[in-house]
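S.K.: Quick one, fold the following:
(one chain, ligands or ions: 1)
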Amino acid sequence: MPFDKFTYRNYAKSLLESSNLKKIDFCEIRFQEDLIENIYFKNLNLENIYNLESKGFSVRVLLNGNWGFSSSNIITKVSILEAFSKAVNMVVGLPKGRVTLTTEDIYKDEDIQSVIINPFDTPISEKIQYIKSIQNDLLKYKNIDFSDASLVQVFEKKLYLNSSGSDIYQERTRIYPHFMLYKTIPELTTLKLNTRPVGEGYEYFKNYPFQEEIPKAAENIYEKSKAKSVKEGKYNLLIDPSNLWLTIHESIGHSTEMDRVLLYEANYAGSSFATVSGMGDLVYGSDKVNIVGDRNQKNGLASIKYDDEGVKTTQFDIIKNGVLENLQTNREIASISGMNHSNGCSFADSYSSFPLQRMPNVSLLPNESKDLKLGDMLNIMNDGIYILGDGSWSIDMQRYNFQFTGNIFYEVKSGKIIGMIKDLAYQSNTQDFWKSCIEIGGKSTYSLEGAFNCGKGQPSQVAPVSHGAPISLFENIKVLNTKNEN
Ligand SMILES: [Zn+2]
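M.R.: Residues are numbered from 1 along each chain as shown. Next comes the predicted model:
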C-alpha cells in the first residue's frame with residue numbers, strides 16, 4: 001500500500017477536530033514510512049541483503065505535564081482513535097508532571113528533497129552488478145587482498161499534524177556506499193575509500209569517481225603497510241575533515257545536547273561537562289573555533305525543513321569565537337531551561353519511536369578571512385602529522401577525555417609531506433584540544449562527512465547526522481603508538 005498522505009491527513013483531522021481533544025493539553029500525530037535497503041559484499045560474493053519497509057503512525061498527547069504515546073502499523077480512522085485513547089489512558093490521573101513546551105509557530109507546508117535518482121527506483125540487480133564491478137576493479141590490484149563493500153539506502157516520508165494547527169509533509173533520501181580494503185602481508189593493513197554518507201540520491205554512488213580513486217587507494221594501502229610506526233610524543237596535527245568530523249561529533253555534538261547537560265539523558269552515552277550557565281561564558285576552544293548547528297545544510301544527513309515537533313529548523317551558533325553560545329534543544333528541553341523557542345532538534349527514527357532531542361548537523365565553519373589551502377596549512381604547521389580518514393575512538397561519559405585514531409597519517413617536515421606513518425592515536429581533552437586549534441583552512445578545504453548510525457536513548461534509536469569541517473591545525477597534541485598500548 002502506498003503512503004497515502006491525503007487519506008492519512010483526513011484521518012488525523014477527524015481526531016484533531018473532534019471533541020476528544022478537550023481531554024488533553026496538546027496532541028500530535030506523525031505518520032512515517034521508512035524504506036531501508038542494505039546490500040553487503042565480501043570480495044565478489046553477495047553476503048547479505050537487508051530490506052525493511054516500515055509504515056505506521058504514532059499519537060503523542062500531553063496532559064497535566066505528562067506525555068502519553070501510542071503507535072500502530074494499522075492506519076485507519078478507528079486505529080488512530082484507539083491509539084489516542086491508549087495514549088490518554090497512560091497519563092490520565094497521574095500527578096502533575098514536569099513537561100511544558102515552548103510556543104512555536106504553526107506551519108502548513110510540504111518539503112520534498114529533490115534527488116536525481118531515488119535509490120528505490122533502481123533495480124536491486126543493477127545495484128548488485130555495480131558493486132560487483134567496483135569490487136572487481138579493486139581486486140585487480142595485487143596490493144588489495146580482500147575487500148568488503150556495503151550500500152545503505154534510506155527513503156523516509158513523514159506527515160506531521162498537531163493540535164495547534166501545523167500540517168507538514170516531508171520526504172528525505174540518504175545513501176552510503178562503503179568500501180574497506182585489506183592487505184594481509186606483512187601484517188593486516190586496512191584502508192577505506194573516501195565515499196561518505198550523504199543526504200543525496202543514488203546519483204551520488206553512480207557519479208562517484210571510483211576510477212580515479214582506486215589506483216591511488218591501491219598505492220596508499222601498500223605505502224601504509226610498510227610505513228614506520230609513529231614515535232610517541234607531542235606533535236602538531238593537521239586534521240582533514242574526513243577525520244575531524246568524528247572528533248566534532250563526540251566532543252562537541254554530544255556534549256552540547258541540552259538534555260545531556262541537564263541530566264535528562266545519560267543512559268546511552270553519558271552526560272556532559274558543559275553547563276547551561278556556561279552559555280555565553282564557557283571557553284570551549286580558541287577564538288578560531290566557530291561551530292554551528294544547521295539542519296538546512298545542503299546534502300546533510302540531519303537536514304530537514306521542520307523537525308519531528310513541527311519546528312522550523314535554522315542555523316544557530318553552538319560555539320562562537322571559541323565560546324559556548326547555545327545548546328541543542330527540542331520544545332520540552334528549551335522550555336525547561338527558560339528559552340523562548342526550540343532550535344529544532346527533535347527526531348524519531350520510525351513511526352513507533354518517541355521523538356527524542358537529536359543532534360542537528362554540527363559543523364566547524366571555514367576561515368572567512370583567508371582561503372587557506374592544504375599547501376598553506378602544511379607550511380603554517382611546518383613540522384607535524386597530517387591525518388586523514390576516521391578510525392576508532394573512545395571518550396569518557398562527560399564527553400571530555402578522548403582518544404581518536406584515523407585512516408592515513410603522513411609525516412610532515414618543513415611544510416612537506418615526507419611519507420606515511422602508522423599506529424597512531426591522538427589523545428586530549430575537549431577543551432585543551434579545541435583551545436589548541438591555531439589555524440582553520442579556507443572554504444575550498446571544507447567537506448561534509450558524517451554517520452548514519454548515531455545512537456541515543458533507551459530503547460535505543462539511531463539518527464543520521466553530518467559534520468562539516470575545513471582542514472584544521474592543532475598544536476602540541478599528545479600522540480600515542482597504538483601498538484605499544486597492546
Ligand atoms: Zn553519536
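S.K.: Can you give me the buried ones in the helix or strand Asn484 falls within?
M.R.: Element membership for Asn484 (DSSP states H and E) is helix 482-485. Neighbour counts over helix 482-485 (16 or more other CB atoms under 10 Å) mark Thr482 as buried. Placement of C-beta: from N, CA and C, glycine included.
S.K.: name the helices or strands packed onto that helix?
M.R.: With contacts taken as 3 or more CB pairs under 8 Å, 6 or more residues apart in numbering; DSSP states H and E, helix 482-485 sits against strand 424-429.
S.K.: For the strand it packs on, output the C-alpha coordinates as PDB.
M.R.: This file holds the C-alpha atoms of strand 424-429, laid out as PDB (Å, rounded to 0.1, in the frame of the first residue of the first chain):
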ATOM      1  CA  LEU A 424      48.700   6.500  15.700                       C
ATOM      2  CA  ALA A 425      46.100   7.800  18.100                       C
ATOM      3  CA  TYR A 426      45.800  11.300  19.400                       C
ATOM      4  CA  GLN A 427      44.700  11.900  22.900                       C
ATOM      5  CA  SER A 428      43.500  15.100  24.600                       C
ATOM      6  CA  ASN A 429      40.500  16.500  26.400                       C
END
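S.K.: quick one: average pLDDT of the helix or strand just after it?
M.R.: Using DSSP H and E, the helix or strand that follows strand 424-429 in sequence is helix 430-435. Helix 430-435 comes out with an average pLDDT of 97.
S.K.: Helices of the stretch 51-200 of the chain, start to end?
M.R.: 77-91, 124-139 (DSSP state H, counting those that start in this stretch).
S.K.: Distance to Gln32 and mean neighbour count for these - can I get that in CSV?
M.R.: Below are these laid out as CSV (distance: least, CB to CB, whole Å; neighbours: other CB atoms under 10 Å):
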stretch, distance to Gln32, mean neighbour count
helix 77-91, 14, 17
helix 124-139, 23, 16
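S.K.: Distance to Ser350 and mean pLDDT for these - can I get that in a markdown table?
M.R.: Below are these laid out as a markdown table (distance: least, CB to CB, whole Å; pLDDT from 0 to 100):
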| stretch | distance to Ser350 | mean pLDDT |
| --- | --- | --- |
| helix 77-91 | 15 | 97 |
| helix 124-139 | 22 | 98 |
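S.K.: Quick one: those as a markdown table, columns for distance to Val479 too.
M.R.: Below are these laid out as a markdown table (distance: least, CB to CB, whole Å):
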| stretch | distance to Val479 |
| --- | --- |
| helix 77-91 | 52 |
| helix 124-139 | 31 |
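S.K.: closest to Asp371 out of these?
M.R.: Nearest to Asp371, of all those, is helix 124-139, at 33.5 Å by CB to CB.
S.K.: What lies in contact with the closest one?
M.R.: The contact list for helix 124-139 (CB atoms under 8 Å, 6 or more residues apart in numbering) reads 37, 39, 41, 43-44, 46, 49, 119, 144, 147, 149, 151, 177, 179, 181, 205-206, 210-211, 214, 217-218.
S.K.: repeat for stretch 176-191
M.R.: The contact list for stretch 176-191, computed with CB under 8 Å, 6+ apart, reads 131, 134-135, 138, 143-153, 192-193, 195-198, 204-205, 208, 217-218, 220-222, 224-226, 407-408, 422, 452.
S.K.: Please, a ChimeraX command that selects the buried ones among those residues?
M.R.: To isolate the buried ones among the contacts of stretch 176-191 in ChimeraX, judged by 16+ other CB under 10 Å, type:
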select :131,134,135,138,143,144,145,147,148,149,150,151,152,153,192,193,195,196,197,198,204,205,208,217,218,220,221,222,224,225,407,408,422,452
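S.K.: quick one: which of the helices of the stretch 51-200 of the chain is nearest Ser335?
M.R.: Judging the helices of the stretch 51-200 of the chain by CB to CB, what sits closest to Ser335 is helix 77-91, at 17.7 Å.
S.K.: Using PDB, list the CA coordinates for that closest one.
M.R.: Backbone C-alpha positions of helix 77-91 (Å, rounded to 0.1, in the frame of the first residue of the first chain) are rendered in PDB as follows:
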ATOM      1  CA  LYS A  77      -9.600   6.300  11.300                       C
ATOM      2  CA  VAL A  78     -10.500   3.800  14.100                       C
ATOM      3  CA  SER A  79      -6.900   2.800  14.900                       C
ATOM      4  CA  ILE A  80      -6.000   6.400  15.300                       C
ATOM      5  CA  LEU A  81      -8.800   7.000  17.700                       C
ATOM      6  CA  GLU A  82      -7.700   3.800  19.600                       C
ATOM      7  CA  ALA A  83      -4.100   5.000  19.800                       C
ATOM      8  CA  PHE A  84      -5.300   8.300  21.100                       C
ATOM      9  CA  SER A  85      -7.300   6.600  23.800                       C
ATOM     10  CA  LYS A  86      -4.300   4.400  24.800                       C
ATOM     11  CA  ALA A  87      -2.000   7.500  25.000                       C
ATOM     12  CA  VAL A  88      -4.500   9.400  27.100                       C
ATOM     13  CA  ASN A  89      -5.100   6.400  29.400                       C
ATOM     14  CA  MET A  90      -1.400   6.200  30.100                       C
ATOM     15  CA  VAL A  91      -1.400   9.600  31.700                       C
END
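S.K.: what does that helix rub up against?
M.R.: Contacts for helix 77-91 (CB under 8 Å, 6+ apart): 11-12, 14-15, 20, 23-24, 27, 29, 57-61, 63-64, 66-72, 97.
S.K.: distance between that helix and the chain's centre?
M.R.: Offset of helix 77-91 from its chain centre (CA atoms, centre = their mean, to the nearest Å): 33 Å.
S.K.: tell me the contacts of Ser352?
M.R.: Residues in contact with Ser352 (CB under 8 Å, 6+ apart) are Gly56, Ser58, Ser71, Asn73.
S.K.: correction: Leu480
M.R.: Applying CB under 8 Å, 6+ apart, the residues contacting Leu480 are Glu232, Gln403, Leu424, Ala425, Tyr426, Gln427.
S.K.: and the two most separated of these?
M.R.: Maximum distance among the contacts of Leu480 (CB to CB): 12.9 Å, for Glu232 and Gln403.
S.K.: helices or strands next to the strand or helix carrying Met377 in the packing?
M.R.: Here Met377, judged by DSSP H and E, is contained in helix 374-381. Packing contacts for helix 374-381, counted by 3+ CB pairs under 8 Å, 6+ apart, involve strand 233-239, strand 437-440, strand 472-481.
S.K.: one more time with 10 Å, if that's ok
M.R.: strand 233-239, strand 384-388, strand 408-413, strand 416-422, strand 437-440, strand 472-481 (3 or more CB pairs under 10 Å, 6 or more residues apart in numbering; DSSP states H and E).
S.K.: Please convert the ones you listed to JSON lines, extending it with distance to Leu262.
M.R.: Shown next, in JSON lines, are the helices and strands packed on helix 374-381 (distance: least, CB to CB, whole Å):
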{"stretch": "strand 233-239", "distance to Leu262": "31"}
{"stretch": "strand 384-388", "distance to Leu262": "34"}
{"stretch": "strand 408-413", "distance to Leu262": "38"}
{"stretch": "strand 416-422", "distance to Leu262": "42"}
{"stretch": "strand 437-440", "distance to Leu262": "28"}
{"stretch": "strand 472-481", "distance to Leu262": "30"}
